[in-house]
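Student: Below: sequence and its predicted model.
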Amino acid sequence: IIFWIAKKKYPTVFAFHGSRTENWHRILREGIRTMSGRDGMQLNGAAHGPGVYLSPSGARSLQYSNLGRHVSFLNDSKSENMEYFTQTGSAILALCEVIDDGRIQKHGDVWVAPDDHFVETRFLFVFPSVS
């Protein structure tokens, strides 16, 4: 509801969000959320401060996906399907609609949306192999 109220007041832009394969189950259930500073949840640095990291460049966002690296699931028997994706070099990207209320920090092709309620996934791209 917050997104739709804000969309009536502000324009939107589209940008990509890349994340490792094992994160997408939670993302699809809860939406893209800020993980900056959350113990055990933040996988990459926050060089430009807390927020949702996005890019107008799909190639840049792919750098935050698996890109073929194998991920250990520590004996998680529920992860067979996800293990397949990480072993085969699959990658997942979202194309998001983002409320542009003037607070998006743009650092070249790295954008940081400070309010995760202003980011909505519109399309999901699954690449079976990026090698």
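Tutor: Structure's in. What do you need?
Student: For this structure, give me the ranges with low pLDDT.
Tutor: Low-confidence segments of the chain, defined by pLDDT under 70, are located at 36-46, 67-88, 130-131.
Student: Name the nearest residue to the residue nearest to the spatial centre of it, sequence neighbours excluded.
Tutor: Nearest to the geometric centre of the chain sits residue 17, at 3.7 Å (CA atoms, centre = their mean). The spatial neighbour of residue 17 that comes closest, neighbours along the chain excluded (CB to CB, 6 or more residues apart in numbering), is residue 94 at 4.6 Å. No exception for glycine: its C-beta is placed from N, CA and C like everyone else's.
Student: Can you tell me the element the residue nearest to the centre of the chain falls in?
Tutor: Secondary-structure element containing residue 17, defined by DSSP states H and E: strand 12-18.
Student: Residue 28 now?
Tutor: helix 24-30.
Student: Output that helix as CSV, nothing but the C-alphas.
Tutor: Listed in CSV are the C-alpha atoms of helix 24-30, where the atom choice follows Å, rounded to 0.1, in the frame of the first residue of the first chain:
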residue,chain,number,x,y,z
TRP,A,24,15.2,-15.5,-3.8
HIS,A,25,12.7,-17.6,-1.8
ARG,A,26,12.6,-15.0,0.9
ILE,A,27,12.6,-12.1,-1.6
LEU,A,28,9.6,-13.6,-3.5
ARG,A,29,7.7,-14.1,-0.2
GLU,A,30,8.6,-10.8,1.5
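Student: Could you list the residues in contact with that helix?
Tutor: Contact with helix 24-30 is made by 19, 33, 82, 92, 94, 121, 124, as judged by CB atoms under 8 Å, 6 or more residues apart in numbering.
Student: Can you pull the phi/psi pair for residue 7?
Tutor: Phi and psi for residue 7, reported as degrees, to the nearest 10, are phi -60, psi -30.
Student: contacting residues for residue 122?
Tutor: Listed by CB under 8 Å, 6+ apart, the contact set of residue 122 reads 14, 94-97.
Student: Ok, residue 14 next?
Tutor: Residues in contact with residue 14 (CB under 8 Å, 6+ apart) are 56, 95-98, 122.
Student: Over to residue 61?
Tutor: For residue 61, the set of contacting residues under the criterion of CB under 8 Å, 6+ apart consists of 15-18, 54-55, 93.
Student: Perfect, I'm done here.
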